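J.: Quick one: sequence and predicted model below, then my questions.
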Amino acid sequence: MNPENNPSTSVSNHASSLRVGWTVLILVTLFVCYFSHLGALGFVGPDEPRYAWIARDMAESGDWITPRLYGKPWFEKPVLYYWGAAASFKLFGVSEAAARLPSAISALLATLALAWLAWRLYGPETARWFLLLLPTTAAMIGFSHAASTDMPFSAMLTIAMVCAAEVIGLTRPYNSPAIPRTRWLALALLGFFLGLAVLAKGPAAIILSGGAIFFWALFTRRWRDAFRCLHPLAIATFCFTALPWYILCSRRNPDFFHVFIVEHNFRRFLTPEFQHIQPFWYYAPVLLDAILPWTALFVWALARGISRLWQAQRISESTCFLVCWAAFCVGFFSISRSKLPGYILPAIPAVSLIVAHAQTQITSPRQEKFLRLSLWIAAAAFLMPLLLSGLISGLDPGVFHQYQNLVVAAGIFSALVGMSNVLLATFYSSSQNGVGRFAAASCVLPILLAVVTWNHFLPLFFRSDPSGRSLANDLYSAGIPPQRLRVGGINRGLNYSLNFYMREEIKAWDKDHPVEGYLLTGTHDCRQWVSQPFVCQPVPFPNTEGRFLYKVLPGR
């Protein structure tokens, strides 16, 4: 018989083609979402330039123990991100891409680890969809491109939770032998990655992992399995990983414990001292935004899970583990007095896995409802820019001109979100075979297109460079010495970014103690900053950033 006419050969070739297609799409998704355009934007916000400064100082000074900001010890965060960024600077040179590379690598490692857990818990189809859905969420794309501690912390905690799932027996039959071969490796890796998470952001890693496992044991009554996570091997590897740096840093800096543990952990959680005050329900909209564009899938999974729990009065142990993981993280930070969007980043991988599994469970009777929900979400996305345009149309013409680019950007983003939902719902609801599922995977293509081309749309989001990179170049071109420069009326994020690029701490202008030099302000009139016996003279300066430069001199 001719092999080409053999039905079994045709089926095998068809299956091989689908596997190759899935593999290529997954690899492209991981690369585009995590590694493309890492250096397209300069350091923005108050955290990125400060963390990059500390890492650069660590690489140049050779002191890998004490983080230093502007020459002084700085203990707001532990050391793991600084180590990663400093090593990246050593290998690839100082740049924005090198500073953000640790976050991108951390996101990739967490995604692969949780995809392995998805395969063990729910099968290869869920794992494939998870590898597409998680990287394309807004949270993972955004934080993988940020020079901050959020992604390394979330990634190390995610891998630790994967190891915990192996230790408590979720990845093997419940009646299997009590001490399988892989348990010892899982215990060692659990302690190791939990120790790295503590090195990334502190004791919150112990609270989040311990709270999730505690509530899982409470609901499933598998206390014996939960206590396996306290095995001496796991504790030993944890201590070996996390404690050396804490001990060395404490010995070199006697105030380390008070500043880091008391001020930046307990006070940050219990008091509004750091001014990040938000209502209790703050993380509900943050979570919906974080998993865009898959909000429809999340709502579907949530409604389906509540319905099944109501009818069956039970939930699978693996799904319970993921729910406790995500819910405890969101609940814990909801009661905190300080709230920032990145705090619930550790919950996003677990939520995405629940969503990916729920999607594979959409059967024929439910397809029509899922299609309607997705189309409603898509319609809302398409209508969002029209609503924004209507809201700002009644504003002052100058204000309208300022925000019209933002409306255009929102329109483009909303169209891509709507297109992704339409592709997913249409193809997924039209067929249940392998070709139909692969066609539904094209839903990630609009997101990949947006990530690949987003640097071309930066002028729509920002009228000028929001970082201090362009501003520093302009100051260098004007021959301004950083040591004689002061700033007034500039937000602290831009100030910190300017510090990094000029390699100098640019101090704030003190009206009560004026000095001769240069003043950079965001206002056209310098008289509100400079008074007698000093005068100020305008300095020719490219005003692309909306800033004004003056030379301050003594005189009448």
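T.: Great, that's in hand. Residues are numbered from 1 along each chain as shown.
J.: after the helix or strand harbouring A110 comes which helix or strand?
T.: For A110, the enclosing helix or strand under DSSP states H and E is helix 96-122. Next helix or strand after helix 96-122 toward the C-terminus (DSSP H and E): helix 124-133.
J.: Can you name every helix or strand that that following helix contacts?
T.: Secondary-structure packing of helix 124-133 (3 or more Cβ pairs under 8 Å, 6 or more residues apart in numbering; DSSP states H and E): helix 7-35, helix 96-122, helix 347-360. In this view, the C-beta of every residue, glycine as well, is placed from N, C-alpha and C.
J.: quick one: buried residues of it?
T.: Neighbour counts over helix 124-133 (16 or more other Cβ atoms under 10 Å) mark 125-133 as buried.
J.: Show me which of these is closest to H456.
T.: L132 (24.1 Å; Cβ to Cβ).
J.: Name the SS class of the residue lying closest to the closest one once chain neighbours are set aside, please.
T.: Of all residues not flanking L132 in the chain, V444 sits nearest, at 5.1 Å (Cβ to Cβ, 6 or more residues apart in numbering). Taking DSSP: H, G, I helix; E, B strand; the rest coil as the rule, one finds V444 in the helix state.
J.: From what I see, V444 and T136 are in contact.
T.: Yes: between V444 and T136 there is a contact under Cβ atoms under 8 Å: 5.1 Å.
J.: out of these two, which sits in the busier spot?
T.: T136 (27 against 24; other Cβ atoms under 10 Å).
J.: contacting residues around the residue lying closest to the more buried one once chain neighbours are set aside?
T.: In this structure, T136 finds its nearest non-sequential neighbour in I447, 4.4 Å apart by Cβ to Cβ, 6+ apart. For I447, the contact set (Cβ atoms under 8 Å, 6 or more residues apart in numbering) comprises 33, 136, 293, 416, 420.
J.: again with L208
T.: 157, 328-329, 332, 346.
J.: That one: which element?
T.: Using DSSP H and E, L208 falls in helix 204-220.
J.: what distance separates that helix from the centre of its chain?
T.: 22 Å (Cα atoms, centre = their mean, to the nearest Å).
J.: quick check: mean pLDDT across it?
T.: Averaged over helix 204-220, pLDDT sits at 93.
J.: Go through the helix or strand that it is followed by and flag the buried ones.
T.: Next helix or strand after helix 204-220 toward the C-terminus (DSSP H and E): helix 223-227. Using 16+ other Cβ under 10 Å as the test for burial, helix 223-227 gives 225-226.
J.: any idea of the mean pLDDT for helix 223-227?
T.: Averaging pLDDT along helix 223-227 gives 90.
J.: Residues in contact with it: which ones?
T.: 167-169, 213-214, 216-217.
J.: Selecting buried members of those in ChimeraX, what would you type?
T.: This is how ChimeraX selects the buried members of these, with burial counted by 16+ other Cβ under 10 Å:
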select :167,168,169,213,216,217
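J.: Report the two of the contacts of helix 223-227 separated the most.
T.: G169 and F214, at 16.4 Å, using Cβ to Cβ across these.
J.: what's the single longest strand in the protein?
T.: Using DSSP state E to define each element, the chain has its longest strand at strand 548-554.
J.: Lovely, talk soon.
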